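Peer 1: Predicted model and sequence follow; I will ask about them next.
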Amino acid sequence: MLFRSLYGLTFLFLTKSRSSMIGVAVGLLSYFLLTKSLRAKAWAVSALLISAILLYMSGTMESLIAILSRNGEGAGDFTGRVPIWDLALTYVKQRPLTGYGFQNFWTSRTIDYFSSEFHWTISAAHSGYIETLLTLGCVGLCLHVLVLIFGIFRSIVLFKMSRSPIFALAAAICVVVMVVGAVEVVVLWLISPYSFGIILLLWSLFLERSDPVSSGTSTPALMQRFRSGPWQRGAV
């Protein structure tokens, strides 16, 4: 497990996608804070604060940002995203409630217009939240955020009842989706195995229920089925 995690983090670093790395870092921190003891949390927070102060005072922080930049791109405007967001929001104001419909905004006309304005090909808002506003409007954005928030809190509840790390991981994944979705559109709107997995995760959390057991506590039904299944060690 450790080798596979390091393998994935290494290739994530090589992509130099700062938004993805920040999202994964926040997700890992969420998983750590949810699963570890209070003492471990205090030590970890202290170590992070001291490291951040030392990096800032020594001037190393700027060097790290430069290493993670692609071809010297800047960080002040989120790699050119802010002007795109400003222009996209002018279209949002025209249809604020319902948006333009699924895959109905980025037509050849709007792609050509955005691309001519910024002199590079633009076919997405480069923000999951603004893309949701363009697609489904304020109604869709509220539902989008509420579903992710529900996923986080539901995962925490199931983890506290079962102490199974799979639910802590589910909470961390929802956190990653919320963080990365601020500056990336690929999270839910582009059809891919990744977005399909996120949808399955949220769907399973919605359907999961708690069944009382003889000890008077509650265990997620999914965990009860897993523990009693034929895949248990020695059962087959």
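Peer 2: Arrived safely, thanks for sending.
Peer 1: Tell me, how many residues neighbour residue 118?
Peer 2: 13 (other CB atoms under 10 Å). For every residue, glycine as well, the C-beta is placed using N, CA and C.
Peer 1: list the contacts for it?
Peer 2: 80, 83-84 (CB atoms under 8 Å, 6 or more residues apart in numbering).
Peer 1: Please tell me how far residue 52 sits from residue 136.
Peer 2: Note on residue 52: its distance to residue 136, by CB to CB, to the nearest Å, is 37 Å.
Peer 1: Those two: which has the busier surroundings?
Peer 2: residue 136 (19 against 11).
Peer 1: Can you tell me which helices and strands the one helix or strand the more buried one maps to packs against?
Peer 2: Using DSSP states H and E, residue 136 sits within helix 128-162. On a contact count with 3 or more CB pairs under 8 Å, 6 or more residues apart in numbering; DSSP states H and E, helix 128-162 meets helix 18-35, helix 81-92, helix 165-180, helix 193-207, strand 218-220.
Peer 1: most neighbours per residue, which of these?
Peer 2: helix 165-180 (a mean of 22; mean count of other CB atoms under 10 Å).
Peer 1: and the contacts of residue 118 as JSON lines, adding distance to residue 102 and pLDDT?
Peer 2: Formatted as JSON lines, the contacts of residue 118 follow (distance: CB to CB, whole Å; pLDDT from 0 to 100):
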{"residue": "80", "distance to residue 102": "26", "pLDDT": "70"}
{"residue": "83", "distance to residue 102": "25", "pLDDT": "88"}
{"residue": "84", "distance to residue 102": "20", "pLDDT": "89"}
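Peer 1: Please give me every residue in contact with residue 41.
Peer 2: 32-33.
Peer 1: averaged over its residues, what pLDDT does the helix or strand where it lies have?
Peer 2: In this structure, residue 41 sits in helix 38-58 according to DSSP H and E. Taken as a whole, helix 38-58 has a mean pLDDT of 77.
Peer 1: Quick one: find the helix or strand in this protein with the lowest mean pLDDT.
Peer 2: When the helices and strands of the chain are scored by mean pLDDT, DSSP states H and E, strand 210-212 comes last with a mean of 49.
Peer 1: The helix holding residue 41 relative to helix 18-35, how many degrees between them?
Peer 2: Computed by axes from the mean of the first three to the mean of the last three CA atoms, to 10 degrees, the angle separating helix 38-58 from helix 18-35 equals 150 degrees.
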